[in-house]
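The amino acid sequence is not available; the structure is as follows:
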């Protein structure tokens, strides 16, 4: 049965969101202008692939601290609504001239957040162009047209974006290029201010006309490389010219009668599947998704999975790990037995990963039921903060995820991809694509994926309620909690040995579209933690 199985009776006198419902096409993004961009492309005759790319490019202007042409991209595509899901890894690699020992000599504590050593070759543009050529319907110039127009004419700063920029004010102020674009009078721009991107508009025009070569082989790449080298980078034009993304076979696992698809490593989609696999072997909480046992078991499953990630997750071209062995039921059952109701697991399980939070996610379904789950990221807020003034490109700091330990599978090395946090998700059942979904928030993402599906299939919550529910997740030996986690739950978790830390910012953001193949209805949910919306027609 593919019908949307959950329907909650909303109290319309309390704050909340209704689902978006439509039949021809739908998009869900973290900004309403981006969502409308996707729908306008569908109305022009484009398909879901065109619409997702166009929305993603527009988000580069609406949420420039989170995403852009200087970042990386991953995608899952279910063509014509089948369960034959195509994956694409659009992540870049470290420059050929990088030297781990030299980087460690200058940064013995690890790669710096704004260090040029954290800049790998950005893979987003190559992914957009390749997916457009292979699966899109419209010319790239039409797909990127709305983003170019917004870049030239300006976009208003939205409320969550203004909040994020205020949080990142120190980082912005330390970069003259960023400060000139996103600050005024010593303060970050406020909601309702208008920001324009003339240099980025020119860059997007070149990409629209010349495709991949316009970004990686020509003057754009030369200008970016010059900027990186002025910052002390070892990047060369050849690093950009040789970059290629890859089609990948998604990794999958069953959860509550559905098939969950994720991109394989170097992304952490496998970690989401491990968490779900552990939840499969843990008792459900009769008190519901915010019950004390449910919260504790989710934290512990995440800690175990992150421990595996931090020990093993790396570029598979450089480190061979049998990830399928970690999805075997016997392995997951044995690990789940270690999770105790009475106390947290021993401290060595604590992951030491960074908290990564800046990403944009797009879900689109078209009339032919092509379903796209696409995620694009600069990694941390404004990435490395290195902005090429000629092109307007802000470079991500994805290389921050590399280890400087020589014996680590994820050790920094020339031409190597770092461990990646961004993960698009796709749900299938009975030969059909059921739901493209994503939960932003970097380090939080695999926890968010598992929690969202568990809310729905373990506890019967409708999609929007499952998105809205308060969140928590383990990070660096502590547990970050949103304000919606009540005092009794906090006291219980602390009694089990968890150290809780209040979140300053909401944990991530989610978008999803449920496809009912029988009725033809599309049902969308969008996270209130962001400015966005799910809309259809």
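Received, thanks. Just so we're clear, the structure is a prediction, and the values are computed from it rather than from any experiment.

pLDDT score for residue 402?
In this model, residue 402 is scored at 96, pLDDT.

Does it touch residue 418 like I think?
Yes: contact between residue 402 and residue 418 holds when scored by C-beta atoms under 8 Å: they sit 4.8 Å apart. Quick note: C-beta positions are derived from backbone N, CA and C, even for glycine.

Now list whatever residues contact both of those two.
Common neighbours of residue 402 and residue 418 (criterion: C-beta atoms under 8 Å, 6 or more residues apart in numbering): 94, 410, 412.

Just the buried residues from those residues, in ChimeraX please.
Only the buried entries of the shared contacts of residue 402 and residue 418 go into this ChimeraX selection, using 16 or more other C-beta atoms under 10 Å:
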select :94,410,412
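
which SS state does the closest residue in space to residue 414 that isn't next to it in sequence fall under?
Of all residues not flanking residue 414 in the chain, residue 96 sits nearest, at 4.8 Å (C-beta to C-beta, 6 or more residues apart in numbering). Following DSSP: H, G, I helix; E, B strand; the rest coil, the label given to residue 96 is coil.

what do you get for residue 295?
With three-state DSSP as the criterion, residue 295 reads helix.

same check, this time on residue 24
Under three-state DSSP, residue 24 falls in the coil class.

so it touches residue 367, yeah?
Yes: the pair residue 24 / residue 367 is scored as a contact, 5.0 Å apart, by C-beta under 8 Å.

intersection of neighbour lists for the two?
In terms of C-beta under 8 Å, 6+ apart, residue 24 and residue 367 are both contacted by the residues residue 42.

Okay, the residue nearest to residue 414 and residue 26: tell me how far apart.
To residue 26, residue 96 is 43 Å away according to C-beta to C-beta, to the nearest Å.

Would you mind telling me which of these two has the busier surroundings?
Neighbours per residue, other C-beta atoms under 10 Å: of residue 96 and residue 26, the larger number sits with residue 26, 31 against 14.

what number of residues lie near the residue lying closest to that one once chain neighbours are set aside?
Of all residues not flanking residue 26 in the chain, residue 536 sits nearest, at 3.4 Å (C-beta to C-beta, 6+ apart). Applying other C-beta under 10 Å, we find 21 residues neighbouring residue 536.

Phi and psi next, for residue 536.
phi -140, psi -170 (degrees, to the nearest 10).

these two touch, right, it and residue 25?
Yes: counting by C-beta under 8 Å, residue 536 does reach residue 25; the two are 6.0 Å apart.

which residues are in contact with both of those two?
Contacts common to residue 536 and residue 25, judged by C-beta under 8 Å, 6+ apart, are 39, 522.

where does the residue nearest to residue 414 land on pLDDT?
On the pLDDT scale, residue 96 gets 98.

re the thing from before, mind pulling up the pLDDT for the residue nearest to residue 26?
Residue 536 is assigned 98 on the pLDDT scale.

what does residue 5 give?
What the model reports for residue 5 is a pLDDT of 57.

cool, the one 3 residues further on as well?
Here, the pLDDT recorded for residue 8 equals 64.

which parts of stretch 484-501 are buried?
Burial within stretch 484-501, assessed by neighbour count using 16+ other C-beta under 10 Å, is assigned to 485, 489-490, 492-493, 496, 498.

for residue 440, what are its contacts?
Residue 440 is in contact with 30, 357, 359-361, 375, 448, 508-510, 530, counting by C-beta under 8 Å, 6+ apart.

Save the residues you listed as a markdown table, and put in neighbour count, secondary structure and pLDDT too.
Shown next, in a markdown table, are these (neighbours: other C-beta atoms under 10 Å; DSSP: H, G, I helix; E, B strand; the rest coil; pLDDT from 0 to 100):
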| residue | neighbour count | secondary structure | pLDDT |
| --- | --- | --- | --- |
| 30 | 31 | coil | 97 |
| 357 | 24 | coil | 53 |
| 359 | 28 | strand | 82 |
| 360 | 32 | strand | 92 |
| 361 | 35 | strand | 96 |
| 375 | 31 | strand | 97 |
| 448 | 28 | helix | 96 |
| 508 | 24 | coil | 87 |
| 509 | 27 | strand | 93 |
| 510 | 32 | strand | 97 |
| 530 | 25 | coil | 96 |
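
out of those, which one sits closest to residue 162?
Closest approach to residue 162 among the contacts of residue 440 (C-beta to C-beta): residue 530, at 12.6 Å.

if I look at that closest one, how far off is residue 481?
On the measure of C-beta to C-beta, residue 530 and residue 481 end up 19 Å apart.

repeat for residue 174
The gap separating residue 174 from residue 481 is 30 Å, by C-beta to C-beta.

Looking at the two, which one has more neighbours?
residue 481 (22 against 11).

and residue 147, what is it in contact with?
With contact taken as C-beta under 8 Å, 6+ apart, residue 147 is in contact with 37, 54, 57-58, 60-61, 204.

most surrounded residue in these?
Ranked by the number of neighbours (other C-beta under 10 Å), these place residue 54 first, at 33 neighbours.

Now do the same for that one: helix, strand or coil?
The local conformation at residue 54, judged by three-state DSSP, is helix.

my guess is it contacts residue 46, does it?
Yes: using C-beta under 8 Å, residue 54 is in contact with residue 46, at 7.4 Å.

Now do the shared contacts for those two.
Shared contacts of residue 54 and residue 46 (C-beta under 8 Å, 6+ apart): residue 143.

how far out from the middle of the chain is stretch 214-227?
26 Å (C-alpha atoms, centre = their mean, to the nearest Å).

Other residues contacting that stretch?
Residues outside stretch 214-227 that contact it (C-beta under 8 Å, 6+ apart): 69-70, 125-126, 203, 206-207, 210, 235-237, 239-241, 243, 386-391, 393, 395.

Where strands are concerned, which of the residues you listed count?
Using DSSP state E, no member of the contacts of stretch 214-227 falls in strands.

Mark which of these are buried, thanks.
By 16+ other C-beta under 10 Å, the contacts of stretch 214-227 give 69-70, 125-126, 203, 206-207, 235-236, 239-240, 243, 386-388, 390-391, 393, 395 as buried.

thought residue 441 was touching residue 505?
No: Residue 441 lies out of contact with residue 505 (C-beta under 8 Å); the separation is 9.4 Å.

Looking at those two, which has the bigger crowd around it?
Between residue 441 and residue 505, residue 441 has the larger neighbour count (other C-beta under 10 Å), namely 28 against 15.

Can you spell out the domain ranges of this structure, please?
31-70+94-246+384-401, 248-256+266-355+438-513 (automatic domain parsing).

between those domains, which gets nearest to residue 9?
Closest approach to residue 9 among the domains of the chain is made by domain 248-256+266-355+438-513 (9.6 Å; C-beta to C-beta).
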